[in-house]
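Q: I need the structure of the sequence given here:
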Amino acid sequence: MKTDTKISAKKSWAQALARPAAEFPLTQLLVKSGKIPAGLRGTLYRNGPGRLERGGMNAGHWFDGDGAILAVHFTDVGAAAVYRYVQTAGYQAEEKANKFLYPNYGMTAPGPVWLRWSKPVKNVANTSVLALPDRLLALWEAGPPHSLDLQTLETIGIDNLGNSAGEFPYSAHGKCDPMTGNIYNFGVTIGATTKLNLYKSDATGKILQKATVALDGISMIHDFVLAGKYLIFFVPPMRLKVLPVLAGISSYSESFEWKPELGTQILVIDSETLSLVSRGETEPWFQWHFANGFVKEDSSVAVDFVRFADFQTNQRLKEVAAGETRTDAEGTLWRVHLNPQTGKVTAAEELLDQPCEFPVVPASELGQDSRYIYLAMYRPDVDIVPERFGAIARLDTQSRNLTIADLGENRYPTEPIYVPDISSEKGWIVTVIYDGNSDSSEVWIFDSDGLSDSPVCQLELPGVIPLGFHGTWKSAV
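A: Below you'll find the model as predicted:
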């Protein structure tokens, strides 16, 4: 039973966000237990908000924090890590001023109302990363990526990916087709007509093809799914009240209205031509993240995603920034089956009836029927309202068997990343843990077939890594 006392007491995960993260240089990591697998060679990259306060003022939403990247390099001589803020223009200006200067997703610009409308939104580069052959991209929702050095994480600058039009929105959830090497992504532009911009790049990141699809109003599109020869978007039934945002009176976060009567719109795109195949509509829901999608033998499409009843999840994520969550708004894992030629849903089923998020499949199986989905979950028998995820798990989509790694009290994982072994058929799950018992962060490595067992290796990081969003793995050549 939930009580006011439990909900009002801050949990230990809040310590990780209570102060700005401290950068650290490339540092050899100590092995706390076990040993690094011989076939684990490459680099783990993770992105997330590293700073949620400036000059005594707190950010308005978890999404507003300045991006900070962790890289953990695994080589024959061990593991070494480096942690650095992305040196965006906004970050540098606010560092110099020691105060917030710009509006963001959950913040209006500081200062008089009549001056706010002219201030651009800060690109915080804090959501995910994309590892290219010669550079790392720090990704954000509504602006261009920033390039970083793969080894040192030194910021190179804004990267237009060969796009001659200059800066453009490039989302944090690009998909790399393992069959072709093509990279797909999108961005939304707001104007007289709201447009979904589609991008196809080669393996170097260079944009080779672009297209646009008109949208019915301004919704929240955070992610999409690659499903064989299709790109599929679910457009939630919500609309942005534009004038208060433009006037600087309210933030984007505060200005979205939930409109269930609109239903969820489904857009099916041909991945080869980037043309619209179909546009359908179904019952209302909201989603942040997709796990995967694939074309079935009968030519229908299955899409796995974490489904929320409404947009109350946004309020809960806003509360994370304050270190105290009170809103009960969780999602569960669903699979919908749809006809790609009509965009109509033919069936829907709940794959996992427990709260979860950050679903991941092996990168080599993206867009194909993948048996296992890895997720972040809550520990058994905890009051989830004031807590954050304290376990990771693997769901077998065939047997529906769930294998859980309970990390212990006051330990909080990031999104579980599947890592292929370079010398065998094995796989590993790598996650960064914040340990509230010792106010420290570690890298934990699990056998992907043995999540319920103890980690095969634990590595001590030299500083605290705040709870963050997404990461990726780049295997050694």
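Q: Please verify my assumption that residue 379 contacts residue 391.
A: Yes - with contact defined as C-beta atoms under 8 Å, residue 379 and residue 391 form a contacting pair (5.1 Å). In this view, the C-beta of every residue, glycine as well, is placed from N, C-alpha and C.
Q: between these two, who's got more neighbours?
A: Higher neighbour count among residue 379 and residue 391: residue 391, with 22 against 18, using other C-beta atoms under 10 Å.
Q: re the thing from before, name the residues contacting each of residue 379 and residue 391.
A: Shared contacts of residue 379 and residue 391, defined by C-beta atoms under 8 Å, 6 or more residues apart in numbering, comprise 406, 407.
Q: Helices of the stretch 101-250 of the chain, start to end?
A: Using DSSP state H, counting those that start in this stretch, the helices of the stretch 101-250 of the chain run over residues 113-116, 242-246.
Q: For those helices, which has the smallest mean pLDDT value?
A: Here the lowest mean pLDDT among these goes to helix 113-116, at a mean of 59.
Q: so where's the protein uncertain?
A: Low-confidence segments of the chain, defined by pLDDT under 70: 1-9, 112-118.
Q: redo that, cut-off 90
A: Scanning the chain for pLDDT under 90 picks out 1-10, 108-120, 141-142, 162-168, 190-192, 242-249, 477.
Q: Test my guess that residue 53 contacts residue 59.
A: Yes - counting by C-beta under 8 Å, residue 53 touches residue 59, with 6.8 Å between them.
Q: So between these two, which is more surrounded?
A: A side-by-side neighbour count of residue 53 and residue 59, using other C-beta under 10 Å, places residue 59 first with 24 against 15.
Q: OK, contacts around that one?
A: Going by C-beta under 8 Å, 6+ apart, residue 59 touches 49, 52, 53, 65, 100, 104, 106, 107, 321.
Q: same question, residue 94
A: Counting by C-beta under 8 Å, 6+ apart, residue 94 makes contact with 54, 66, 100, 101, 102, 122.
Q: ok, and the closest non-adjacent residue to the fifth one?
A: If the residues on either side of it in the chain are set aside, residue 102 comes closest to residue 122, at 3.9 Å by C-beta to C-beta, 6 or more residues apart in numbering.
Q: measure the one you found to residue 48 for me?
A: Plainly put, residue 122 is 16 Å away from residue 48 if you go by C-beta to C-beta, to the nearest Å.
Q: Out of the contacts of residue 94, which comes closest to residue 462?
A: Within the contacts of residue 94, proximity to residue 462 (C-beta to C-beta) peaks at residue 66, which comes in at 19.8 Å.
Q: doesn't residue 239 make contact with residue 259?
A: Yes - when contacts are counted by C-beta under 8 Å, residue 259 is listed as touching residue 239 (5.8 Å).
Q: out of these two, which sits in the busier spot?
A: Legend: neighbour count by other C-beta under 10 Å for residue 259 and residue 239, higher for residue 239 (18 against 15).
Q: I'd say the more buried one and residue 194 touch.
A: No - judged on C-beta under 8 Å, residue 239 makes no contact with residue 194 at a distance of 10.0 Å.
Q: which residues are common contacts for the two?
A: Common neighbours of residue 239 and residue 194, using C-beta under 8 Å, 6+ apart, are 217, 218.
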